[in-house]
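>>> next input, structure requested:
(2 chains)
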Amino acid sequence: MSNFILRRLLLLIPIFIGVSILSFLMMHLIPGDPARIMAGQDATYQEIQSIRVEFGLDKSLPVQYVLFMKGVMDGSLKSIKTQRPVLKEIYPRFLNTLELSLVSIVISAFLGLGFGIVAAVKHNSWLDNLVMGFSLFGISMPVFWLGILLIIVFALILGWLPAAGKGGIQHIILPSITLGMATSAIIARMTRASMLQVMNQDFIRTADAFGIPQRKIIYKYTLKNALIPVVTVIGLQFGYMLGGAVLTESVFGWPGLGRFIVDSIFARDYPVVQVGIMLIALTFVLVNLLVDITYAFLDPRIRRR
Amino acid sequence: METTRRAESFFTIMRRIRKNKMALFGTYIVLAFVGIAIFAPWISPYSPTAQDYTVSLQGPTWAHPFGTDIYGRDVLSRVIYGARISLGISFVAVLVSVIIGTILGAIAGYFGGALDEIIMRTFDVFLAFPTILLAIAIIAILGPGMVNIAIAIAVYSIPQFARVSRGTVVSVKANEYVEAARSIGEGKWSILMRYILPNSIAPIIIQATLRMATAILSIAGLGFLGLGVQPPTPEWGSDLSLAMTYIQVAPYLGIFPGLAVFLVTMGFNYFGDGLNDALNPKLKDR
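Down below sits the predicted model:
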């Protein structure tokens, strides 16, 4: 097991480096002179020069990359707008995104598992069709539109919940449902498929032949085996949420990292954009790794590969 | 021989889709929106950009069934013209991704070795970014605009197609007819192009259909964030973002452009799902 984890950790290194290089290169892929772009349209020659020196843009690319990574770590890489270290700016927003994603994944895991199990147990019934129909519905639903509809109904018409901002529990209800809708649909589909697959296996038929009660077969034997791929999907979906939360954050004015990155694009605050995107991608990769390890932990067969 | 076999399988697939109500439903939705996109100038009651401040922010009426926005523009006409933008960009982006991704993936899967490693490890880095975020990053670099949005979608779609195509090619490569072609002295490229790729096409078509749905969501998402197609061009996402500004006074503005995005996406998802079932009938219950 530790061997497996070590191997996966080693595989992570090139991806980490690749992601950081790509984030670093962003600035240089923009057509035109990076210093001029960062300084803004009506910057003087002096201002452009000082930015060029501050960001080391007069040095060679590899040197700049090292300086960039060093700057991220020691806080010398600063937001152009606020002049505070980029990581300090990003961190509280990242926590907000994390909070929203965590609440969302818990809600959608419950909903998805529940619907998925019902659909599998009542396979080919109207209930199954309903769940499958709902799941394709959830996958097709644009998050921002779902958010708008929820605002119209629950904030404007009924007046039960606030339409925007961050505060108490009532503020996180609509955003987390919005963000979790597609995910719960995906989890429901996966749970159903996985349950059906396990139900067709010999050991379940044997259990049935032994006269073990249906409830026990479903909840003890089937579910236990069917959950392994579902856990993977839940983990992967959580990773997607961190990046995908940007739209939900936008609709509900949730002060998360995604929205901050987009605002920083408009403000041409490129260090924030670069580090923000890098941080989300790295977290995403790390979550995927944790999922892989959990999977191997749950299913010993994987480790031998 | 070859053509009859293919024609037959085409009709078999069509028959299976016709029997699948969901898939049929999806097909009709997609066809309807393609029709709307093509015939937009003839069916839309007004110009999508014509402003008329005398009817600003009016709810649905007979003259304006979907109401009017803050500039007095007819929402119905904007939704109709929006289909052109959405379907047009997503079609081009997916087509380009299919071609580039499939070929690169096939090369990686067929030749294997160092080439495989280089291509797939590079794509792994791209796949490390959540899709919408990668699209946002590309727009941050290139700036908004229709071509750049198509590029942004292609950048995250190409690695996905490459993965599918590589996987399929590796499994198709193991078939006896490939061995047979090699034994009679066919060249590597000719085997790849004449035998392997044509037999790997099914999973790629399914993937392309489902990617159309993702692309449409991305275009609208970018538009909603203000990073997509810029106003006054009628685009569903940016129209929704405008609607958010006036949601207190005119909530109806938030309904129809979103409904359009939802319907087209659902159409492609149902269609792709049905296609998947039709092409792999044995997998239906998985």
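
>>> excluding its backbone neighbours, what's nearest the residue in the stretch 101-250 of chain B that chain A sits nearest to?
Here the stretch 101-250 of chain B gets closest to chain A at one residue, residue B:130, 2.6 Å apart by Cβ to the nearest Cβ. (Each C-beta comes from the backbone N, C-alpha and C, glycine too.) Excluding its sequence neighbours, the residue lying closest to residue B:130 (Cβ to Cβ, 6 or more residues apart in numbering or on different chains) is residue A:243, at 2.6 Å.

>>> pretty sure the one you found is in contact with residue A:279, am I right?
No: with contact defined as Cβ atoms under 8 Å, residue A:243 does not reach residue A:279; the gap is 10.4 Å.

>>> now do the helices in the chain.
Just so you know, I chose chain A. A:2-29, A:34-39, A:45-54, A:61-74, A:86-121, A:126-140, A:143-150, A:169-199, A:202-209, A:214-216, A:223-252, A:257-266, A:270-298, A:300-303 (DSSP state H).

>>> wrong one, chain B
Counting by DSSP H, the helices of chain B are B:2-19, B:21-38, B:40-43, B:75-111, B:113-127, B:131-142, B:146-173, B:176-183, B:188-191, B:197-199, B:201-225, B:236-245, B:256-279.

>>> picking up where we left off before, mind listing what the residue nearest to residue B:130 touches?
Contact analysis of residue A:243 by Cβ atoms under 8 Å, 6 or more residues apart in numbering or on different chains lists A:258, A:280-281, A:284, B:129-133.

>>> report pLDDT for the closest residue to residue B:116 other than its chain neighbours.
Nearest residue to residue B:116 in three dimensions, chain neighbours excluded: residue B:108, at 4.3 Å (Cβ to Cβ, 6+ apart). In this model, residue B:108 is scored at 93, pLDDT.

>>> repeat that for residue B:115.
Residue B:115 carries a pLDDT value of 91.

>>> now the helices of chain A as TSV including mean pLDDT?
TSV is the format used below for the helices of chain A (pLDDT from 0 to 100):
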stretch	mean pLDDT
helix A:2-29	86
helix A:34-39	78
helix A:45-54	82
helix A:61-74	88
helix A:86-121	93
helix A:126-140	85
helix A:143-150	94
helix A:169-199	90
helix A:202-209	83
helix A:214-216	80
helix A:223-252	88
helix A:257-266	92
helix A:270-298	87
helix A:300-303	67
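
>>> of all those helices, which one is nearest residue B:247?
Nearest to residue B:247 among the helices of chain A is helix A:143-150; the distance by Cβ to Cβ comes to 7.1 Å.

>>> relative to helix B:256-279, how tilted is the closest one?
Here helix A:143-150 runs at an angle of 130 degrees relative to helix B:256-279 (axes from the mean of the first three to the mean of the last three Cα atoms, to 10 degrees).

>>> can you check what angle separates helix A:143-150 from helix A:126-140?
110 degrees.

>>> which residues touch the residue in the stretch 151-286 of chain B that chain A sits nearest to?
With Cβ to the nearest Cβ, the shortest gap between the stretch 151-286 of chain B and chain A falls at residue B:258, namely 3.1 Å. Residues counted as contacts of residue B:258 (Cβ under 8 Å, 6+ apart) are A:142, A:144-145, A:148-149, B:236, B:240.

>>> looking at the residues you listed, which one is closest to residue B:162?
So of those, ranked by how close each gets to residue B:162 (Cβ to Cβ), first place is residue A:142, at 26.6 Å.

>>> what is the neighbour count of that closest one?
26 (other Cβ atoms under 10 Å in any protein chain shown).

>>> and the residue nearest to it when sequence neighbours are not counted, how far from residue B:13?
Leaving out its chain neighbours, the residue that sits closest to residue A:142 by Cβ to Cβ, 6+ apart is residue B:261, at 4.7 Å. According to Cβ to Cβ, to the nearest Å, residue B:261 stands 28 Å off from residue B:13.

>>> next one: residue B:192
Residue B:192 is 25 Å from residue B:13, where distance means Cβ to Cβ.

>>> ok, these two, which is more surrounded?
residue B:192 (21 against 17).

>>> what residues does that one make contact with?
Residue B:192 touches B:106-107, B:110, B:169, counting by Cβ under 8 Å, 6+ apart.

>>> what's the most distant pair in the residues you listed?
Applying Cβ to Cβ across the contacts of residue B:192, the maximum distance is between B:107 and B:169, 8.7 Å.

>>> looking at the two, which one has more neighbours?
Using other Cβ under 10 Å as the criterion, residue B:107 and residue B:169 rank with residue B:169 on top: 23 against 19.

>>> for the more buried one, which non-adjacent residue is spatially closest?
Among residues not flanking residue B:169 along the chain, residue B:109 sits closest, at 3.6 Å (Cβ to Cβ, 6+ apart).

>>> related to what we said a few turns ago, most neighbours of all the contacts of residue B:258, which one?
Counting by other Cβ under 10 Å, top hit in the contacts of residue B:258: residue B:236 with 30 neighbours.

>>> surely it is in contact with residue B:86?
Yes: if you go by Cβ under 8 Å, residue B:236 and residue B:86 touch, sitting 6.1 Å apart.

>>> between these two, what contacts are shared?
B:220, B:260-261.

>>> could I get those residues in TSV, plus columns for distance to residue A:137, neighbour count and pLDDT?
Converted to TSV, the shared contacts of residue B:236 and residue B:86 look like this (distance: Cβ to Cβ, whole Å; neighbours: other Cβ atoms under 10 Å in any protein chain shown; pLDDT from 0 to 100):
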residue	distance to residue A:137	neighbour count	pLDDT
B:220	17	35	95
B:260	15	25	96
B:261	13	28	96
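
>>> so does stretch B:21-32 get close to chain A?
Yes: applying Cβ under 8 Å from any Cβ of the partner chain, one finds that stretch B:21-32 is in contact with chain A at residue B:22.

>>> buried sites along that stretch?
B:22-23, B:26-27, B:29-30 (16 or more other Cβ atoms under 10 Å in any protein chain shown).

>>> I'd like those as JSON lines, with pLDDT appended.
Below are the buried residues of stretch B:21-32 laid out as JSON lines (pLDDT from 0 to 100):
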{"residue": "B:22", "pLDDT": "80"}
{"residue": "B:23", "pLDDT": "84"}
{"residue": "B:26", "pLDDT": "90"}
{"residue": "B:27", "pLDDT": "91"}
{"residue": "B:29", "pLDDT": "95"}
{"residue": "B:30", "pLDDT": "95"}
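
>>> which one of those is nearest chain A?
residue B:22 (7.5 Å).

>>> so who does the closest one touch?
Here residue B:22 is in contact with A:133, A:136, B:270, B:273-274 (Cβ under 8 Å, 6+ apart).

>>> try 6 Å this time
Counting by Cβ atoms under 6 Å, 6 or more residues apart in numbering or on different chains, residue B:22 touches B:270, B:274.

>>> name the residues of chain B found near chain A, please.
B:125, B:128-130, B:132-133, B:137, B:140-141, B:217, B:220-221, B:224-225, B:251, B:254, B:258, B:261-262, B:265-266, B:269, B:285-286 (Cβ under 6 Å from any Cβ of the partner chain).

>>> just the buried ones from those, in PyMOL syntax?
Here is the PyMOL command that picks out the buried ones among the residues of chain B next to chain A, judged by 16+ other Cβ under 10 Å:
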select buried, chain B and resi 125+128+129+130+132+133+137+140+141+217+220+221+224+225+251+254+258+261+262+265+266+269
